[in-house]
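# Provided below are the primary sequence and the corresponding predicted coordinates.
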Amino acid sequence: MATLIPRERSEPAPGAVHIPDWLDGGEQRHLVQASREWARPPAGMRHTRLPGGGVMSVQTVCLGWHWEPYRYLRHVDGAPVKPFPGWLAELGRRALADAYGPGAPDYRPDVALVNFYDDAAKMGLHQDRDERSRAPVVSFSLGDTGRFRLGNTDNRGRPWRDIELESGDLFVFGGPSRLAYHGVTGILPGTGPRDIGLPRGRLNITLREFGLR
Ligand SMILES: O=C(O)CCC(=O)C(=O)O
Ligand SMILES: [Fe+2]
């Protein structure tokens, strides 16, 4: 939501960088529109099944490689995973350069997870560790504000930091924070901008390097 007081860039932990309002309105609209296309079947948006038999409250569509707990696959529901577009990799490189400056590593993301949160969706604390590469994760938030929890690298307990990710925000976690536990404790319904084509809910797009070439 537009605020009068500009929110400042912060580094909540080494290797973790939050840049508020990194995406402009046009870029946000474009990502929302693209996500709508990606969400369609085949290999569209779905609730990921968990090993315990339940499903995640978040709905996800993957590009490049399909993620399910503990592995990445090329097919889902009998259909090939949608391609990871070059323009999205370029956006990821630009994001990383802004987050890390001249020391940013060479970045070749080959996977995106596009998550949709409805009013009640959450994501429990977890590590992103099914990738072969330990290149940074780049995250874009769109729509309603999400309460993001950045924990430590050892366990799901404290210490953690709670950060509100608003529409257009960039969050990067790499280096010493690459395997930090993190999750979303809830969203703030109705806080998103009205003009990006997402009337309800929150989209989060993470770019990663799976690293199999
Ligand atoms: O929605 C978010 O901000 C985080 C998403 C996430 O952690 C994931 O997709 O693994
Ligand atoms: Fe994650």
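Noted; the coordinates are in hand. Ligands and ions are numbered 1, 2, ... in the order given.
# When you work out contacts or count neighbours from here on, use the C-alpha atoms and nothing else.
Will do.
# Extract the residue ranges of the protein that are flagged as low pLDDT.
1-3, 213 (pLDDT under 70).
# Next up, the contacts around the one residue in it that gets nearest to ligand 1.
Closest residue of the chain to ligand 1, CA to the nearest ligand atom: Asn204 (4.8 Å). The contact partners of Asn204, taken as CA atoms under 8 Å, 6 or more residues apart in numbering, are 113-116, 139-142.
# Same list, these, but only the ones touching ligand 1.
Counting by CA under 6 Å from any ligand atom, the subset of the contacts of Asn204 that neighbours ligand 1 consists of Leu113.
# just checking, which of the contacts of Asn204 belong to strands?
Of the contacts of Asn204, the ones assigned to strands by DSSP state E are 113-116, 139-142.
# Which other helices and strands does the longest strand anywhere in the chain contact?
Ranked by residue count under DSSP E, the longest strand found in the chain is strand 55-63. Packing contacts for strand 55-63, counted by 3 or more CA pairs under 8 Å, 6 or more residues apart in numbering; DSSP states H and E, involve strand 46-49, strand 111-117, strand 123-126.
# and with 6 Å instead?
Judged by 3 or more CA pairs under 6 Å, 6 or more residues apart in numbering; DSSP states H and E, the packing partners of strand 55-63 are strand 46-49, strand 111-117.
# can you list the residues of this protein near ligand 1?
So the chain meets ligand 1 at 113, 128, 148, 183-184, 204 (CA under 6 Å from any ligand atom).
# make it 5 Å
Applying CA under 5 Å from any ligand atom, we find that the chain lies next to ligand 1 at Asn204.
# Could you pull out the helices in the chain for me?
25-39, 86-100 (DSSP state H).
# mind checking how far the last one is from the chain centre?
Translated: helix 86-100. Using CA atoms, centre = their mean, to the nearest Å, the mean C-alpha position of helix 86-100 is found 13 Å from that of the whole chain.
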